[in-house]
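*Asks:* How does the following fold in three dimensions:
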Amino acid sequence: MKTQLLPMSQLTQALLLAGLVAVAAPASAVEFWLRAETLNVTMPGSATPIPMWGYASCTDGTFTTCAAATVPGPALTVLPGDPVLTIHLRNTLPADTSIVIPSQTAAMTPVWDDGSSGPRPSASARVRSFTHETPAGAADYTDYTWSSMKPGTYLYHSGTHPQVQVQMGLYGGVSKDAATGEAYAGVAYDNELMLLYSEIDPRLHEAVANGTYGTSAAPSTPECPADIQGNPGQLTSALCYQPQYFLINGKPFEVNDPPLPPLATLAAGERTLLRFLNAGLQTHVPVINGIYMQMIAEDGNPYPWPANPRQQYSVLLPAAKTVDAIITPAEGTYPVFDRRLNLVNAASQDGGMLAFLEVTGGATNAAPSITSTAITTATVGQPYGYDVNATDPDAGDVLTYSLDVFPAGMTINGTTGLISWTPGAAGPSNVTVQVSDGSLSDTQSFVIDAQAAVAPVLLYFSTATNIAVPGVSGTADNADVYSWDGTSFVRVLDATAEGLPGGANVDGLKVVGSQIYLSFNGGVAVPGLGTVQDEDIVVYDTGSGTWSLFFDGTALGLTTDNEDVDAFDILSDGSVLISTLGGVAVPGLTGTWADEDVLRCAPTSNGPIASCTWSVHFDGSDVGLSTAASEDIDGVSVGTGKLYLSTIGAYSVSGGFANATNAGGDVFSCNSPVTGAVSSCASFSLYFRASDHGLTGNLDAVSVP
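*Replies:* Numbering: from 1, shown residues only. So this is what the prediction gives:
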């Protein structure tokens, strides 16, 4: 459970330009409307209320429905999924103002002491504001946007004359978690507490309210020289800053205060994130007496030891600093104080930066819960893995995993929950896994069905005509794609079902995972693409069910009927091998190449291939393939040490390897090929013969995996 508390903010010296923020931007993921206004705050021992400036939280851009202004201003929370924060600022103060966030990156537009903005106007110019300002009393509001909010704890505060305006009360806290329940990646917590430290020097506030701050000096006093001392009891410069009140979350301690107002009461055993912020001009050293803290981050930057956080009893908190720490307290009451002993309210003791943290009861232990869905299928002889995931409401608990029921050979990693197993036989196996936090546990039972290994695909193909494929039901179609695993045929692509017209005929093929690349014999209307020419190659994604153009043959110089791409392959470097129906001439390659040759297109463009460098990959005539129509290569596929080929009909190659019976259904291999303009094969082998497996027709597109 999380408790969100207060704000924080500020900067002191004209520091931290690296990391300040703000600039108007268009849209934002999270928006806040703040109105800067005057207010009076009563402090213990103060005869009159102290004039201050603060922020009021409003509901929208009309600024008509607003909460009362507070110091610190309202805490701003940016949700983990929101990258953008926009603050719309309305200014009712008597001075121009602005908002910055140290350590959050944004473009800055500084304003100079002459009122100009942008580049420095002169060597003597001084910065008045770190970024663009909202004019005093302006009727409209000004936007300040941070477009890439990173997780952490930060101050937001005035970026205009900050040594004065921040002291007057223009500050607050802003936080963003890395994920729900995680301050930073891997840093989980149950509760959170914001501790914003600040001070008040009433003389500075009176001088600002009376308009004497920054005016000519009054008589000298022992504390300050005459040139910086104003009227008695008032300051004209922050150089004589002497705070009288020391605040935690906008309030000094008073005797008889209840435990830690306005901080939350915590439950024992909870991992509590403490967000420390210093909006004062002085350094403070928070201590929680009797509890050590695990140091997590400062200024929104995680320390580089997340697994073993450094442990400290105090936190060094200079001006404008933020620090994140984790405590896991036991039941009891713990003093929270400043080790520098700013423990007074004006001249009275027993005040200042002192509070008591009340921790009640023991946190109730909650059982962990397995949240992952079991993997219930496996393959004989192949590794099975299931990573069991579990959650525990008690962020500090350490979870362990074990198997209660399991088959022989199954193991589980007791720390990560990863189950490993290699089934030796087909059939069901009962499994029960348990996760425990040391006292409570959760179990998950399931059955794993181990199945015999599926034979790998040896060949993908499409038929030349609408011939029936043995064992495959449905209407035969020469645009369909089939697979062969050495035992049976399976239809891989039903062309009609995926939107291709009945007259489509696939004559070129490549299968890569879920993507099926195709070329056609003649123009074909393809869903989403319109008419695709026979020199083009398209790709169908079986996962998304979408068609796209892969190879634009026309743009690559394939423009005649003979230049129909009727065989192709795609190499690992993205090059495309093609063979065509007839003679082919392409840009940059001398001569006309025959239908028994294979050309290579090395792409020079991204997206659908529309430009490439052409070269000869395989000269069929060098290995005995002639210009005879039957020896037209209508299938090509590159394997390891092999070049697989098929032809339209009867073929004969060097070495006496030939076939004239149903030759259009053969796939043979050129072994140890030498490719290029001069080609050769060490030998040839038959890889697949259609007639041997009940196919009575020819194959006009093949792809060997």
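*Asks:* Could you use CA atoms for every contact and neighbour count after this?
*Replies:* Noted.
*Asks:* Partner strands of the helix or strand harbouring residue 335 and their direction?
*Replies:* Per DSSP states H and E, residue 335 falls inside strand 332-338. Applying DSSP bridges, strand 332-338 is found paired with strand 286-288 (antiparallel), strand 354-362 (antiparallel).
*Asks:* What are the buried residues along the longest one?
*Replies:* To tie it back to what came earlier, the one meant is strand 354-362. 354-360 (16 or more other C-alpha atoms under 10 Å).
*Asks:* now, which of these sits nearest residue 304?
*Replies:* Using C-alpha to C-alpha, residue 357 is the member of those that lies nearest residue 304, at 29.0 Å.
*Asks:* need the contact list for the residue nearest to that closest one when sequence neighbours are not counted.
*Replies:* The shortest distance from residue 357 to any non-neighbouring residue, by C-alpha to C-alpha, 6 or more residues apart in numbering, is to residue 334 (4.9 Å). Contacts for residue 334 (C-alpha atoms under 8 Å, 6 or more residues apart in numbering) come out as 288-291, 356-358.
*Asks:* please redo it, this time with the cut-off set to 6 Å
*Replies:* By C-alpha atoms under 6 Å, 6 or more residues apart in numbering, residue 334 lies in contact with 289, 356-357.
*Asks:* Between the residues you listed, which sits nearest residue 471?
*Replies:* Looking across these and measuring by C-alpha to C-alpha, the closest to residue 471 is residue 357, at 77.5 Å.
*Asks:* The spatially closest residue to residue 515 that is not a sequence neighbour: neighbour count?
*Replies:* Leaving out its chain neighbours, the residue that sits closest to residue 515 by C-alpha to C-alpha, 6+ apart is residue 541, at 4.6 Å. By other C-alpha atoms under 10 Å, 15 other residues sit near residue 541.
*Asks:* Residue 541 contacts residue 512, doesn't it?
*Replies:* No - using C-alpha atoms under 6 Å as the test, residue 541 is too far from residue 512 to be in contact (9.8 Å).
*Asks:* could I get the buried residues of strand 354-362 as JSON lines with pLDDT?
*Replies:* Formatted as JSON lines, the buried residues of strand 354-362 follow (pLDDT from 0 to 100):
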{"residue": "354", "pLDDT": "90"}
{"residue": "355", "pLDDT": "85"}
{"residue": "356", "pLDDT": "85"}
{"residue": "357", "pLDDT": "85"}
{"residue": "358", "pLDDT": "84"}
{"residue": "359", "pLDDT": "84"}
{"residue": "360", "pLDDT": "79"}
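*Asks:* Make TSV from the residues you listed and add distance to residue 536 to it.
*Replies:* Output for these, formatted as TSV (distance: C-alpha to C-alpha, whole Å):
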residue	distance to residue 536
354	79
355	78
356	78
357	75
358	75
359	74
360	75
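*Asks:* picking up where we left off before, same list, the strands paired with strand 332-338, but as TSV with distance to residue 92 please.
*Replies:* Converted to TSV, these look like this (distance: least, C-alpha to C-alpha, whole Å):
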stretch	distance to residue 92
strand 286-288	35
strand 354-362	33
